[in-house]
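# predicted coordinates and the sequence they were generated for:
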Amino acid sequence: MRTKILYEDKHIIVVHKPAGIAVQSGRIGQADVESELKNYLAAESEGSQKGKQPYLGVIHRLDQPVEGVLVFTKTPQAAAALNRQLAGENFCKDYFAVVCGKPEPAKQELVDYIKKEGGLAKICPSSEDMAAKKAMLSYEVLFSKTVEQEDISMLAIRLKTGRFHQIRAQLSHAGYPLLGDAKYGSEKSRALSRSLQVRNVALCAVHLSFQHPVSGKKMEYSVSPKQPIFAFLYE
């Protein structure tokens, strides 16, 4: 199993999803996190609930080329409780990203309106488009580095809404596309990504916090990005 389990109890299972594997897949024979975890849970309960398909609630997702922390639920009741938290302040998702450029100002909130169009997130000029939804995130530049006469920067991002491809689309629209992002990258960021051999989107969900759906206890989990580009920036 490529997915790493960070925590598990009777109600939830928290994992570190690697880059390159989908959370869910509609393609027959293609591995995804959901299938891996269902197979794991089926093997874990073999004997006590023979033949019964294990329940697994998908609460939130990460794009296939993105790695990071995810929480799934093992009961419908836990799923309902966490889904109620998704739009509130108790369910917090933080990311690290490596972008082309040096964002100014170094700390800012981005507010856009996004709609899904042809498999892409499209930034709309205003909220007048009825299909567009408000997208909010805040970022802070942790540090920057000049590589091949181009600036690249590592950002800490707090996601405030959960729109389709939100971080990738908003940062690209702001002029700072993520390295490794073929869909939303610029000509410059794509060339730099090839030169630095960044094969997946340089984005990692590094921290997740929420209230346990049964006990109400605050749960917090953090991971370190595995992609080499993050380590390269520290050098």
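Yes, it's here.
# what's the nearest residue to Lys74 if we skip its chain neighbours?
Spatial nearest neighbour of Lys74, chain neighbours left out: His11 (5.8 Å); criterion: CB to CB, 6 or more residues apart in numbering. Every C-beta, even on glycine, is put in place using the N, C-alpha and C of the backbone.
# report the contact partners of that neighbour.
Contacts for His11 (CB atoms under 8 Å, 6 or more residues apart in numbering) come out as Thr73, Lys74, Thr75, Gln77, Ala78, His212, Pro213, Val214.
# buried ones in the worst-scoring helix or strand of the chain on mean pLDDT?
The weakest-scoring helix or strand in the chain, judged by mean pLDDT, DSSP states H and E, is helix 228-234 (a mean of 85). Of all the residues in helix 228-234, those buried under the rule 16 or more other CB atoms under 10 Å are Ile229, Phe230, Leu233.
# which strands and helices lie in contact with that helix?
Where contact means 3 or more CB pairs under 8 Å, 6 or more residues apart in numbering; DSSP states H and E, helix 228-234 is packed against strand 92-100, strand 150-159.
# tell me how far the residue most central in space within the chain lies from Val223.
The centroid of the chain falls nearest to Leu62 when counting by CA atoms, centre = their mean (3.8 Å). For Leu62, the distance to Val223 equals 12 Å [CB to CB, to the nearest Å].
# swap in Asp112?
Counting by CB to CB, the separation of Asp112 from Val223 is 27 Å.
# more neighbours: which of the two?
Asp112 (23 against 19; other CB atoms under 10 Å).
# taking strand 150-159 as reference, get the angle to whichever strand or helix holds that one.
Per DSSP states H and E: Asp112 is located in strand 107-117. For strand 107-117 against strand 150-159, the angle by axes from the mean of the first three to the mean of the last three CA atoms, to 10 degrees is 80 degrees.
# helices or strands up against strand 107-117?
Other helices and strands packing on strand 107-117, by 3+ CB pairs under 8 Å, 6+ apart, are strand 120-124, strand 133-147, helix 166-173.
# the second one pairs with which strands?
Pointing back at strand 133-147 there. Partners of strand 133-147 in the sheet, by DSSP bridges, are strand 107-117 (antiparallel), strand 150-159 (antiparallel).
# out of the ones you listed, which is closest to Ala174?
For the strands paired with strand 133-147, the distance to Ala174 is smallest for strand 107-117, at 6.0 Å, taking CB to CB.
# please enumerate the shared neighbours of Leu62 and Val223.
Residues touching both Leu62 and Val223 by CB under 8 Å, 6+ apart: Gly68, Ala205.
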